[in-house]
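**Student:** let's see this in three dimensions:
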Amino acid sequence: MRRSSGIALPALLSAAGGCTAAWYHDDADREVSAILREFDRKALADRAATVVLPKPAAPEPAAPAPVDPGAGPAAEPLRLDLAQTLRIAVTSSRDYVTRKESLYQQGLGFSLTRFNYGPQFDSAVSYLWGDGEKALDTSSFGASLGMSQLLPTNGSIGLSTGLSRAMNRGDGGDIDDWSTSAGISFSQPLLRGAGYDQYREGLTQAERSMVYAVRDFELFRQDYVIRITRQFFDLVKQKRQLANSTEDIDSSRRDVQRAEALRKQGRGLESEVVRARRRLVESEQQFNDAQVNLERAIQQFLIQLGLDPTVRVELVEEDPPFEPVAFDPSSAVEVALQNRLDMKSRREQLEDAERGFRLARNDLLPDLGFSASYSSGGSGRGGPANAFPDTWTRSASLSLEIPLQTIDRRNSWRQAEIAIDQARRDWDEFLHQFRSDIEDQLRALTNTERQLELDEQSLAEEARSVRHQELLFRVGEASNRDLLEARQKLVQSKNAQIERRVDHLIQRLGVYRSLGILFIGADGRWSVGAPADAAGDGR
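**Tutor:** From the prediction side, this is the model:
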């Protein structure tokens, strides 16, 4: 009997273990499934009841509705030319305002740093009341005023004064105790952390950082104006391409009519009619796509300008101003080295790193500090005049650190050496790449100007080809296919010319920016070589 129990017990435990694992699995599934069903009901149960469907589009009116003489005038569309666009961009654009606020916040930080280098005052007023069983009713108040100032030697000096009054109320009468204090303290590092350079470093770096921030913001303004200018003329380009598509549709319709007429006269083939109709359908599809893309692009542009995307807009079709640019590459590089704001910042940041490296040597010195203080105090009854400070104390101390473990300072110094070497190598690489970029920009601009000349010739050739094919088609010496292909090439040439003109303007502004001769006015207009005058011709 005992033997049988010994055999059954392990089997029972093994079976229980197997059942327990399966039970855990099923129990987890049951609980999680219940949770998912619960939150599915909470999150999605009333979704169908709360879904709102858009209204169907209103049918286009067959004729314009009569104007009510008593109704007010319709709102005028927003007229956007380049000048107005840039003016809006630098006043209401979210990106622009955010960057401007970031610069303002950095100015706040600099104001605190500069304030910390001036005298620092502190004051306090306190009152204390106390009472207890079989104890006197006591109260006291006090006031203190102090001042501290950093010294050009990177030491500090402090002044302090205080006045307090203790009042005890009991059966024995009133007892008032007055006390006053005044003191001066001085501390000065003599080795590590000593000297004018150490004292001035915080403010020096804050001033440099503020200069860099202002330059970065100005470079952002230049890039931003160039980007907005590009987007504006991209919209103009799309609008003109839409007009080209309209002309293409009109031409395609005339071609269909002409092909049908020739077929009726027996001078044309059915295949030419089919080809003309197919070309008309393609033209209409291209027009619809161009119209939708233009509307979408205008809405996105208005959002970027910080405007309501639903506002009606009248986009003024301006031609990108064209000015040929011819700079000597060597002179352009020298000018850019002298003028560019980011070049100045990179050069001064290298100076900052070298200055920091020199100051880091000071961290290798041991701490040797001197401190001294003088204070006096007094106490009395009857008023503050009876507690004039008449008891003085003074002290002085000199402390020297004996560094036993300086591996952290050693490693920091070595890291500083490596960092300054890397900064110098980066500067050299930046100079080489900088020269190459300037030369590449000038070459690209020259190439675009040549392409524009070829575009003019190509456009004239394509226009002559269309006229020639029309004459040949009228007399039956050219097929409909030849005429359609000639019209397509003319439209493509017009679109390519518009795009190339925009590219040239943006490349030209990019060259001006790279040479450091681009100036952006408060209203977003640009000028070259000097700030734009409000009455001048700056864009």
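**Student:** residues in contact with the residue minimising distance to the centre of the chain?
**Tutor:** The centroid of the chain falls nearest to Arg99 when counting by CA atoms, centre = their mean (5.4 Å). Applying CB atoms under 8 Å, 6 or more residues apart in numbering to Arg99 gives the contacts Phe217, Phe220. Where you see a C-beta, it was placed from the backbone N, CA and C, and this is true even at glycine.
**Student:** so, low pLDDT: which residues of the stretch 401-539 of the chain?
**Tutor:** Applying pLDDT under 70 to the stretch 401-539 of the chain flags the ranges 473, 476-481, 484, 532-539.
**Student:** one more time with 80, if that's ok
**Tutor:** Residue ranges of the stretch 401-539 of the chain with pLDDT under 80: 462, 466, 469-470, 472-488, 490-492, 494-495, 531-539.
**Student:** where do the strands sit along it?
**Tutor:** Using DSSP state E, counting those that start in this stretch, the strands found in the stretch 401-539 of the chain span residues 518-520, 526-528.
**Student:** adding distance to Val90, write those out as TSV.
**Tutor:** Formatted as TSV, these follow (distance: least, CB to CB, whole Å):
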stretch	distance to Val90
strand 518-520	8
strand 526-528	11
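**Student:** for Gln84, which of those strands is the nearest?
**Tutor:** With CB to CB as the measure, strand 526-528 is the member of the strands of the stretch 401-539 of the chain nearest Gln84 (14.7 Å).
**Student:** I'd like to know which elements the closest one is packed against.
**Tutor:** helix 480-514, strand 518-520 (3 or more CB pairs under 8 Å, 6 or more residues apart in numbering; DSSP states H and E).
**Student:** quick one on the thing from earlier: pLDDT at the residue nearest to the centre of the chain, what is it?
**Tutor:** With respect to pLDDT, Arg99 scores 92.
**Student:** can I assume it sits in a helix?
**Tutor:** Yes. Counting by DSSP: H, G, I helix; E, B strand; the rest coil, Arg99 is part of a helix.
**Student:** follow-up on the earlier one: just the strands of the stretch 401-539 of the chain: most buried one?
**Tutor:** Counting by mean count of other CB atoms under 10 Å, strand 518-520 has the highest mean neighbour count of the strands of the stretch 401-539 of the chain, with a mean of 22.
**Student:** gap between that strand and the chain center?
**Tutor:** Averaging C-alpha positions (CA atoms, centre = their mean, to the nearest Å) puts strand 518-520 19 Å from its chain's average.
**Student:** what's that strand in contact with?
**Tutor:** Residues outside strand 518-520 that contact it (CB under 8 Å, 6+ apart): 90, 218, 221-222, 225, 509, 512, 526-532, 538.
**Student:** can you rerun that using 10 Å?
**Tutor:** Strand 518-520 has contacts (CB atoms under 10 Å, 6 or more residues apart in numbering) with 86, 90, 218-226, 339, 508-513, 525-532, 538-539.
**Student:** stretch 103-117 now?
**Tutor:** Contact with stretch 103-117 is made by 149-150, 199-200, 202-203, 205-207, 209-210, 212-214, 216-218, 220, as judged by CB under 10 Å, 6+ apart.
**Student:** which residues in the stretch 151-300 of the chain form helices?
**Tutor:** For the stretch 151-300 of the chain, the helices defined by DSSP state H, counting those that start in this stretch cover 196-264, 270-304.
**Student:** looking at the ones you listed, which is closest to Ala496?
**Tutor:** Short answer: helix 196-264, nearest of the helices of the stretch 151-300 of the chain by CB to CB, at 10.3 Å.
**Student:** now that closest one: average pLDDT?
**Tutor:** When pLDDT is averaged along helix 196-264, the result is 87.
**Student:** ok and that helix relative to helix 270-304, angle-wise?
**Tutor:** Note on geometry: by axes from the mean of the first three to the mean of the last three CA atoms, to 10 degrees, helix 196-264 and helix 270-304 are set 150 degrees apart in direction.
**Student:** next, the angle from helix 196-264 to helix 480-514.
**Tutor:** 170 degrees.
**Student:** now do helix 196-264: distance to the chain's middle.
**Tutor:** 18 Å.
**Student:** where exactly do the strands run in the stretch 1-150 of the chain?
**Tutor:** Remark: strands assigned in the stretch 1-150 of the chain by DSSP E, counting those that start in this stretch are 78-80, 120-130, 137-150.
**Student:** which residues touch Glu314?
**Tutor:** For Glu314, the contacting residues are Glu76, Pro77, Leu78, Arg79, Leu80, Asp81, by CB under 10 Å, 6+ apart.
**Student:** which SSE is it in?
**Tutor:** Glu314 is located in strand 313-315, with elements delineated by DSSP states H and E.
**Student:** name the residues of stretch 186-193 that are buried.
**Tutor:** The neighbour-count check on stretch 186-193 (16 or more other CB atoms under 10 Å) flags Gln188, Pro189, Leu190, Arg192, Gly193 as buried.
**Student:** what sits up against stretch 200-207?
**Tutor:** Stretch 200-207 is contacted from outside by 106, 109-114, 116-117, 150, 152, 154, 195, 197, 352, 355-356, 359, 362, using CB under 10 Å, 6+ apart.
**Student:** wait, which of the strands of the stretch 401-539 of the chain is closest to Glu270?
**Tutor:** When those are compared (using CB to CB), the closest one is strand 526-528, at 57.8 Å.
**Student:** strand partners of that closest one, parallel vs antiparallel please.
**Tutor:** Its sheet considered, strand 526-528 pairs with strand 518-520 (antiparallel) by DSSP bridges.
**Student:** kindly state the pLDDT recorded for Gly6?
**Tutor:** Value listed for Gly6 in the pLDDT field: 44.
**Student:** re the thing from before, which PyMOL command selects the buried ones in the contacts of strand 518-520?
**Tutor:** Only the buried entries of the contacts of strand 518-520 go into this PyMOL selection, using 16+ other CB under 10 Å:
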select buried, resi 86+90+218+219+220+221+222+224+225+226+508+509+510+511+512+513+525+526+527+528+532+538+539
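**Student:** about what we covered before: and the buried residues of stretch 186-193 as TSV, adding distance to Asp421 and pLDDT?
**Tutor:** Converted to TSV, the buried residues of stretch 186-193 look like this (distance: CB to CB, whole Å; pLDDT from 0 to 100):
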residue	distance to Asp421	pLDDT
Gln188	34	96
Pro189	29	95
Leu190	31	94
Arg192	24	90
Gly193	26	90
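**Student:** would you point out the most distant pair within those?
**Tutor:** Gln188 and Arg192 (11.9 Å).
**Student:** what's the overlap in contacts for these two?
**Tutor:** Residues touching both Gln188 and Arg192 (CB under 10 Å, 6+ apart): Leu368, Gly369.
**Student:** now do the helices in the stretch 351-500 of the chain.
**Tutor:** Taking DSSP H, counting those that start in this stretch as the test, the helices found in the stretch 351-500 of the chain are 407-474, 480-514.
**Student:** winner for burial among those helices?
**Tutor:** Greatest average neighbour count among the helices of the stretch 351-500 of the chain goes to helix 480-514 (a mean of 19), per mean count of other CB under 10 Å.
**Student:** domain parsing of this protein, as residue ranges.
**Tutor:** In the domain annotation for the chain, the residue ranges read 122-189+367-402, 200-353+419-528 (automatic domain parsing).
**Student:** now those in a markdown table, with distance to Ala22?
**Tutor:** Formatted as a markdown table, these follow (distance: least, CB to CB, whole Å):
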| stretch | distance to Ala22 |
| --- | --- |
| domain 122-189+367-402 | 69 |
| domain 200-353+419-528 | 58 |
